[in-house]
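Asks: Output the structure for:
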Amino acid sequence: MNNALFGVPNVDVYLVMGILLFFVLLEVIGGYWHKTQRTTSDWIQEFGAFLVLSLLTKPALVLLVLFLGNQFFPEQQAVLAEFPLWASLLIFLLIDDFLQYWYHRFAHEYEFLWKLHRPHHQAEEMGFFVSYRNAAIYYLFMPNIWWIGLFTFLGGAKAVALGLVLKQLIIISSHSTIPYDKVLYRNKFLQPVASVWERIFITPAFHHAHHGKSRRDGISDPNGNFGNMFSIWDQLFGTAHYSREFPTLYGLENDPKEPWTAAYLYPLVASDDPRSELSRGFTKKDTRINEPTKVDLKEGERYLFCQCGLSQSQPFCDGSHHGTKFKPLLFTAQRSGPARLCNCKRTGAAPFCDDSHLKRE
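Replies: Alright, predicted model coming up:
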């Protein structure tokens, strides 16, 4: 049986490489590569990680799944081979993206996975290679890669090949500095198309918001927009944030900027900087106290209130919530003047103190 897509061996690889080269050309023409402030460390983490993932990690894991399948479940091999391509493609993509959504979300909510995913958010510039910027072992746990191997073993090789091409087109474009969706937002005749498109697929604006440094800009939401190809999961699980605008600042707050060796090879290699989450023995300190903080607010200004109790800039957020299930509260001051902001994090009127710290638990 010929499992090659369109009858051409490795055509999916050629198409993915073609997509990459296409976006390279667009970004070069757009002048982005002449203006980039990327360091050598950035390029190693992005282009280097792309090579390792593409040539080593992903092929090795897929081959491992195929080997295990043949060893222990030979009767299940190619059971989906007679499925129509459209049905196999739909099954593959929906399960693949569902798994990716939850893995990505967990990488923001659990400390160990966050440390592996953290390099992805250290990037202070967008670009399609950012999509490959994670710690090396982040990909060993990624369920999508295992799913690729499993679905291929079950007879869905053509659907996998076509699905990966379509998926890479969405992923690369959503990380790229080429914001194709701006045309849809600005043209009133195309806005209905934009409304439908962004409710199904990840757009550059949707994903760039995920990479913004802080929600204070009213555009970014680093703790939302977890989808990879489809935006439907974010809508279903309450993590979608639509702004149709692009952040001006990317990266992490209070980033000690570890060397690429620590970022890419953690936990095998740790940072020597004691301020870094990637240093040995690093722990986030509980900074909650049973006393409100009096601050002077300015009418119309946005503030980001800490709800995790770990910020070193209480009562405001400093990004310490990354790697927890907490999310800071964005609020706009309705009037200028002093206010008592909660520091015990038990208030029922966040961000303001309601004297819950005086009540016995």
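
Asks: okay but residue 204 is in contact with residue 185, surely?
Replies: No. With contact defined as CB atoms under 8 Å, residue 204 and residue 185 do not form a contacting pair (10.6 Å). In this view, the C-beta of every residue, glycine as well, is placed from N, C-alpha and C.

Asks: How is the chain divided into domains?
Replies: 5-236, 284-361 (automatic domain parsing).

Asks: which helices and strands does the host helix or strand of residue 115 pack with?
Replies: Per DSSP states H and E, residue 115 falls inside helix 111-122. Counting contacts by 3 or more CB pairs under 8 Å, 6 or more residues apart in numbering; DSSP states H and E, helix 111-122 packs against helix 85-109, helix 260-265.

Asks: now do 6 Å
Replies: Contact here means 3 or more CB pairs under 6 Å, 6 or more residues apart in numbering; DSSP states H and E; on that basis helix 111-122 packs against helix 85-109.

Asks: Determine the set of other helices and strands touching the helix it packs on.
Replies: helix 111-122, helix 143-153, helix 157-175.

Asks: next SSE after the last one?
Replies: In other words, helix 157-175. Beyond helix 157-175 on the C-terminal side, the first helix or strand identified by DSSP H and E is helix 181-186.

Asks: related to what we said a few turns ago, Throw the domains of the chain into a markdown table and include mean neighbour count and distance to residue 264, thanks.
Replies: Compiled in a markdown table, those are given as follows (neighbours: other CB atoms under 10 Å; distance: least, CB to CB, whole Å):
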| stretch | mean neighbour count | distance to residue 264 |
| --- | --- | --- |
| domain 5-236 | 18 | 6 |
| domain 284-361 | 16 | 18 |
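
Asks: which one of those domains has the lowest average pLDDT?
Replies: Among the domains of the chain, domain 5-236 carries the lowest mean pLDDT, at a mean of 89.

Asks: on that earlier part again, need the residues that contact the helix holding residue 115.
Replies: Contacts to helix 111-122, defined as CB atoms under 6 Å, 6 or more residues apart in numbering, come from residues 45, 106-107, 133-135, 138, 252, 255, 263, 266, 277, 322-323.

Asks: at 7 Å what do you get?
Replies: Contacting residues not belonging to helix 111-122 are listed as 45, 106-108, 130, 133-135, 137-138, 211, 222, 251-252, 255, 263-264, 266, 277-278, 322-323 [CB atoms under 7 Å, 6 or more residues apart in numbering].

Asks: ok, now stretch 195-206?
Replies: Applying CB under 7 Å, 6+ apart, the external contacts of stretch 195-206 come out as 170, 173-174, 176, 179-181, 184, 225, 227-232, 242-246.

Asks: Which stretches in this structure count as helices?
Replies: In chain order, the chain shows helices spanning 11-29, 32-35, 40-43, 49-52, 58-72, 85-109, 111-122, 143-153, 157-175, 181-186, 191-198, 204-211, 232-236, 260-265, with DSSP state H as the criterion.

Asks: Right, I'll call it a day here.
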